[in-house]
Each structure stands twice: as structure tokens, then as C-alpha cells.
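A.B. asks: Could you look at this predicted model? Sequence included:
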Amino acid sequence: MYFELAWRNIWRNPRRTLVIITAVVIGVWSMIFLGAFYRGMLNNMLENGKSVLIGDIQIHHKNYREDPSIDKSMEQAEIVRDLLKANLSQDTLWTERIKVSAYVNNARHSSGVTLVGIDPEKERMISFIGTSIVKGNYLSPDDTKGVLVGKALLEKFDTEIGKKLILMTRTKHGKIVSKAFRIRGVFKAQMESTEKTYLFITMQGARNLLNMEKGISEISILIPDEENVNIVAERLKKKLDVELYSAETWKDLLPMLEAYVRIFDGFMYIWYVVVFIAMGFGIVNTSLMAIFERVREFGLLRALGMKPWRVIASVLTESIFTLSVGIIAGNCLGMISVFLMKGNGINLALFSKGAEYFGMSRIIYPVLTLNDVISVSSVIFFLGVIVSLYPAIRAAQITPVEAMRE
Amino acid sequence: MNIVKAQNIKKSYTQGKMQVYALRGMSLSVDQQEFMALAGPSGSGKTTMLNIIGGIDIPDSGTIVVDNNDYSNMKQSQLADLRLKKIGFVFQAYNLIPVLSAQENVEYIMLLQGVAVSERKQKAIAILDEVGLEGKYNRRPSELSGGQQQRVAVARAIVSNPAIVLADEPTANLDSKTGESLLDMMKKMNQEKKVTFIFSTHDNMVMDYAKRIVKLKDGQIEDDIIKG
């Protein structure tokens, strides 16, 4: 009967109860939806960041990050390959690259770029390049004279597939070399800057250009289980010769991205606090109004012998029912909103420049996890019960004599 | 045997900036199964005395023993337990929980006492029949007349066989015919169930029913009349 009484009590004043429920619904809904949008944004940023040649872990010459030139290449790559084969699981993907700064020009234009020599078959499994060809063909492994260019660079250079570009760079011995490569295909990336920065040729094409028989700039590794990245990185760090090599995760390689993640985390926590404070005041204020209207009833119950803790329990039970209805409705609205947005995503075209600055695509797909739903619901529920304690304690403090004087 | 023994009870409270002396050294003994009234004008201290007997107000000084329980040695939680098990209350108004039916209002007191569901239901229905509300078990207070609501309050007060029922102006909001009917029923409960009834009243009709009238004035007993 306690639960029945609590349920009936909350509907004594349906309008007031609906006000509290609405506050809770809006709070939960905004947290669920914004949380899903935020998670979608983060996933998008991470995917974009990692897929632009970063992967989960990279291995370099120990001084490569300070001086990313051909001089800092890993000469004894076979040692590293053997180590990776022995220490990575079967479903871990990895590939090798030669990366140098270069100059590309044609009759009309010239530009500084990063030239990447790839293993085409392995590279397509790890980075964005395999799925981004929009015109022409991808590189075949034995093509030593072909190049893939970005759409924005192609437009800038006012050229087309089949035409030549001259690539000029410096070898390990300090010699300037140049060679003509024919455009085989055009790729489109999430960000225009990527299209203008990178040119892809085959590993053998790069070796021919640089007069390099062996040596690679980096190895990029993609771990199937996101949560094991740090574990695998630590394991590799222990096995690698630290005098020669270094292994870094994407967080080490993209500190700005990690900073953005933390900034966004901070914004979300602030949002949660603001929503909760607004909702909390609403709950306390409305509950107190209900308590003061029932002063005589609480006085009667105390006179009959009801103990203060039971009064508190009964008021809290009413709050729990109200919160539960609001949380369930808010979750339903949140999930429906996310489901509706999932198909077409949220178009940030108006903010495309700003979005690109943060490494985000124009279209964001919200991502909702069960963990998010449970976290939001639990936080609202427990904090809601805590703020309801004040009205409950006020109710328990009403004495029969005070109530009679009302 | 005394069911209530109050010695030299003093009680004052603050009203705005004024100190009001509600009881000025009142002593009172009540025997078991009495049907008595504390009578007097407003401000005479009758409600205050009733509240002290019921353990919902604490005297400034003096002693009060109810059913062999000395209140001066008891904590608030113990007083609450005593009220739950030994004392029934009938107030002038706001007696019932509005969202519960007549039966549920009677059951509620037994729920607080920890009585099992089936026993609660059985006793509630039986007592509602006794007070003349057969068939009205599922009606909410808003669906009952004033007199019927008071009958439910009496039913709740006596369902657990308390030692005393304290009734504070129970007929104040009722017409004379309804009031009379209520008092007939309470008299019947007093005789059949041997429950002591103490009223606080300035209603002559209640005083006519009472076998003993203790008249109060300015916080002291002016007269103590036992009818033959």
C-alpha cells in the first residue's frame, strides 16, 4: 500500500507533477541526444585523424618525430617485421611506408606535399586511401610510375588523370632528385587539406626515386580491439630496441586530437551540471510546494504514530516514481531522436570550415551506447533522489502541533 | 484504575511576541473506560491538554503517565510507538488521507503497526460495518459526507483496540443530527469495546453525552463534574 499511496499522491496535482516530469524528460533527452551527438563527433574526429595514415600505433626511427626526413628511416626493417609477426595477433593489420617531403609541379603550378610510398594492398586495409578513389584507378603493386593525387590538388593544378606530374625531393645522401609520375587515380578525403597534402606512389616507385634499396619511414598498425591499443603499444615498447626505434599510439602522435577530446569532455560535463542544476531546482521547488500543501496530512500521520524516517521514505518514494517516469520518457525521446538522425546524420555544412579545423566531417552521425543510457539515467536518478531529500526532511520535521496551528 | 494520571502540568508557547500560558499547573486523573469531556471556551487549554495526553506535545513541567507509561522517561520514537498502539485520535477536520478509500484509511494504521494484509482487510471491513458504513468501503473521503468521514476516523481510531481515544472537537463541523449519530456510535464503542474516550469540546451536545465533565478556564480546572 505504501507504493500505491505514493503513486496516488503524485497525481493529486497532475499539472504540478507533469511540470516536474517535463523538467526531467528535457534533462534526460538533452543529455542522451547531445551525448550521442558528441560521441558521434568524437568518433568522427578519431576516425578521420587515425585514418589519415596514423592508425592506432606507429613505429619509427627513434628521432623521426623530431626530424621526419628520409635520413631518419629504419634501415633494418626486417628486425621490426619479425618482431611484429611474433607479437601481434592474426587479425592485427599493419603496413610499411616511405614518407618524404617533396615538391610537385606541372607546367602551371607547384606545391609542397608529403610523398608517401605505400604497399597498395596492405595500405587499403588500414588507411582511408583504399576506399577513397573517386576517379581513375587505385595503384597496382608493380606500378612504379603511377601516382594518386587528391581531388583538391588536381583542381588546383588544373590537370587530369593520365597527365604527368614532376615529383622532386632529396635523397638520403643530400642529392636532389626528380621524376615524372603519371596520375592514375584521384582520391577524395574527409578534409580538403588532406587532398592537398598527400601524394601516393608505390613503395618500389619511392625506392626508385630515392635510390633506396631498403629502409622505411614508418610502420602503421591497426589494432582490432580499441581497448587493447595501450597494452599492445607497451608490449612493443618493451620488445623494441629503444636506441633505434620508438612506438607511439595515436594519442602520442595527435596530441591536439587528444586535447580536443578532453575539451569536449569538459563541455559535456559542464552541460550536464547546468542541466542538472536547472532540473534540480525545479524538482526541489515543486516538491516543497507539494509538502507545504500537505502540512496537516503530515501532522496527522505523525500524530497517528508514523515515525520521521517513514515520512522521509514516503516522500522519497513519490520522488522516485516521478523521476522514473521522467527518465523513461526522456530515454525514449532521446533514442527516437538518435534513431531519426542516424540515417542522414547531422549536416554541419554551415560550419564546414570550423568543423574541418577540428578534424570533423561535415556530416556527423550520432552514436548512442548502452553505457551512455545507463550513465545518464543513473546520474539523474541518484542526484534527483538526493535533491529530493531536502523536501522529504522538511516533511518529516512537521510536528502534529505545528500542523494543527496551520 | 487510572488510565491517565497528569500531575501539575504546565505548558506555554510563544505566539508572535506574546507568551501564552496554555496550562498553569493542571492535575487530572482519568479512569479506564471513562467517557469524559474536557470542556471550556477557546484558549482554556483543553486541546493543549489533549495533545499532552496523546504525547504529541511535551509539557514544560509536570508528569504524565498514560497506561503505565511515564512520558518523561520516553523518547520521541517511543511516544510515536505508544500513539500507534495505544492511542486513537479523532480530530475536528483533516482526519483522513484523501487519496485512500475508507477501507484503506482504516487499514493504513494497521499497516503502520505491521499487521498482515489479510487480517488488515478483515478487521477494516468489520469495524466499518460496526460504525455503520457497510458497503462504503471503497469510497474516498471526497465521496463521503462529513459525518461519514468522522465515522471512518473513529473506525481507524478504535480498530486496533487502543487504550484511549482522544477526540478533539469531533462534532464541530457537523450538524446536530449527524453529530448526535456520531456520538451514539462512539458511546456504543465505549461500552462494547471498553475504550476510554476523552473529548475536548465546547459543544453542549457532547457534554450531555459525557459521564464526566472537566471544565477548564485559563489553563486550570474550574470544575470536575461526575454525572450520577
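C.D. replies: Here it is on my side, so go on.
A.B. asks: how about the strands in the stretch 101-250 of chain A?
C.D. replies: A:110-118, A:133-136, A:146-150, A:164-170, A:176-187, A:198-202, A:218-222, A:245-249 (DSSP state E, counting those that start in this stretch).
A.B. asks: Return the list of helices and strands in contact with the shortest one.
C.D. replies: With contacts defined as 3 or more CB pairs under 8 Å, 6 or more residues apart in numbering or on different chains; DSSP states H and E, the packing partners of strand A:133-136 are strand A:176-187. In short, each C-beta sits where N, CA and C put it, glycine included.
A.B. asks: Same question for the first one.
C.D. replies: Using 3+ CB pairs under 8 Å, 6+ apart as the contact criterion, the neighbours of strand A:110-118 among helices and strands are strand A:93-105, helix A:151-157, helix A:192-197, strand A:198-202, helix A:203-210.
A.B. asks: and what of the longest one?
C.D. replies: Secondary structure elements in contact with strand A:176-187, counted by 3+ CB pairs under 8 Å, 6+ apart, are strand A:133-136, strand A:146-150, helix A:151-157, strand A:164-170, helix A:203-210.
A.B. asks: And the residue of chain B found nearest chain A, how close does it get to A:Gly305?
C.D. replies: Closest residue of chain B to chain A, CB to the nearest CB: B:Leu84 (2.8 Å). Per CB to CB, to the nearest Å, B:Leu84 is found 3 Å from A:Gly305.
A.B. asks: the more surrounded of the two?
C.D. replies: A:Gly305 (23 against 19; other CB atoms under 10 Å in any protein chain shown).
A.B. asks: ok, now which ones touch the more buried one?
C.D. replies: By CB atoms under 8 Å, 6 or more residues apart in numbering or on different chains, A:Gly305 lies in contact with B:80-85, B:87, B:109, B:112.
A.B. asks: Of these, grab the buried ones for PyMOL.
C.D. replies: Those of these that count as buried under 16 or more other CB atoms under 10 Å in any protein chain shown are selected in PyMOL with:
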select buried, chain B and resi 80+81+82+83+84+85+87+109+112
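A.B. asks: what's the closest of the strands of the stretch 101-250 of chain A to B:Ser101?
C.D. replies: Judged by CB to CB, the one of the strands of the stretch 101-250 of chain A that comes nearest to B:Ser101 is strand A:245-249, at 66.6 Å.
A.B. asks: B:Leu112 is in contact with the residue of chain B closest to chain A, correct?
C.D. replies: Yes. Using CB atoms under 8 Å, B:Leu84 is in contact with B:Leu112, at 5.8 Å.
A.B. asks: list residues touching both of the two?
C.D. replies: A:304-306.
A.B. asks: which ones among these are found in helices?
C.D. replies: Taking DSSP state H as the definition of helices, these contribute A:Leu304.
A.B. asks: Now render the shared contacts of B:Leu84 and B:Leu112 as a markdown table, adding distance to A:Gln76 and pLDDT.
C.D. replies: Below are the shared contacts of B:Leu84 and B:Leu112 laid out as a markdown table (distance: CB to CB, whole Å; pLDDT from 0 to 100):
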| residue | distance to A:Gln76 | pLDDT |
| --- | --- | --- |
| A:Leu304 | 88 | 91 |
| A:Gly305 | 86 | 91 |
| A:Met306 | 82 | 91 |
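A.B. asks: of all the shared contacts of B:Leu84 and B:Leu112, which comes closest to chain B?
C.D. replies: Taking the shared contacts of B:Leu84 and B:Leu112 together and measuring to chain B by CB to the nearest CB, the closest member is A:Gly305, at 2.8 Å.
A.B. asks: What does the closest one show for phi and psi?
C.D. replies: phi 120, psi 10 (degrees, to the nearest 10).
A.B. asks: Identify the residues contacting residue 123.
C.D. replies: All of this refers to chain A. Contacts of A:Glu123 (CB under 8 Å, 6+ apart): A:95, A:97, A:129-130, A:200.
A.B. asks: You answered for a different chain; I wanted chain B.
C.D. replies: B:106, B:110, B:115, B:159.
A.B. asks: That one is in what secondary structure piece?
C.D. replies: Using DSSP states H and E, B:Lys123 falls within helix B:117-130.
A.B. asks: Could you give the number of residues near residue 48?
C.D. replies: Went with chain A since none was named. For A:Asn48, using other CB under 10 Å, the count is 21.
A.B. asks: oops, I was thinking of chain B
C.D. replies: The burial count for B:Thr48: 25, using other CB under 10 Å.
A.B. asks: Correct me if wrong: it contacts B:Lys11.
C.D. replies: Yes. Judged on CB under 8 Å, B:Thr48 makes contact with B:Lys11 at a distance of 5.5 Å.
A.B. asks: about what we covered before: out of the contacts of B:Lys123, which is nearest to A:Val273?
C.D. replies: Checking those one by one against A:Val273 (CB to CB), the nearest turns out to be B:Met110, at 45.8 Å.
A.B. asks: what's the nearest residue to that closest one if we skip its chain neighbours?
C.D. replies: B:Arg120 (4.4 Å; CB to CB, 6 or more residues apart in numbering or on different chains).
A.B. asks: Quick one, grab the pLDDT at that neighbour.
C.D. replies: Note on B:Arg120: pLDDT of 93.
A.B. asks: hmm, who's touching the strand or helix carrying A:Leu83?
C.D. replies: Assigned by DSSP H and E, A:Leu83 belongs to helix A:77-87. Helix A:77-87 is contacted by residues A:59, A:74, A:94, A:96, A:214-216, A:219, A:221, A:232, A:235-236, A:239-241, A:245 when judged by CB under 8 Å, 6+ apart.
A.B. asks: cool, stretch A:66-76 as well?
C.D. replies: Residues contacting stretch A:66-76 (CB under 8 Å, 6+ apart): A:59-61, A:63-64, A:80, A:98-101, A:169-172, A:210, A:212, A:214-219, A:244-245.
A.B. asks: what separates that stretch from the chain centre, distance-wise?
C.D. replies: Offset of stretch A:66-76 from its chain centre (CA atoms, centre = their mean, to the nearest Å): 31 Å.
A.B. asks: picking that back up, quick check, nearest of the shared contacts of B:Leu84 and B:Leu112 to B:Tyr71?
C.D. replies: A:Gly305 (14.4 Å).
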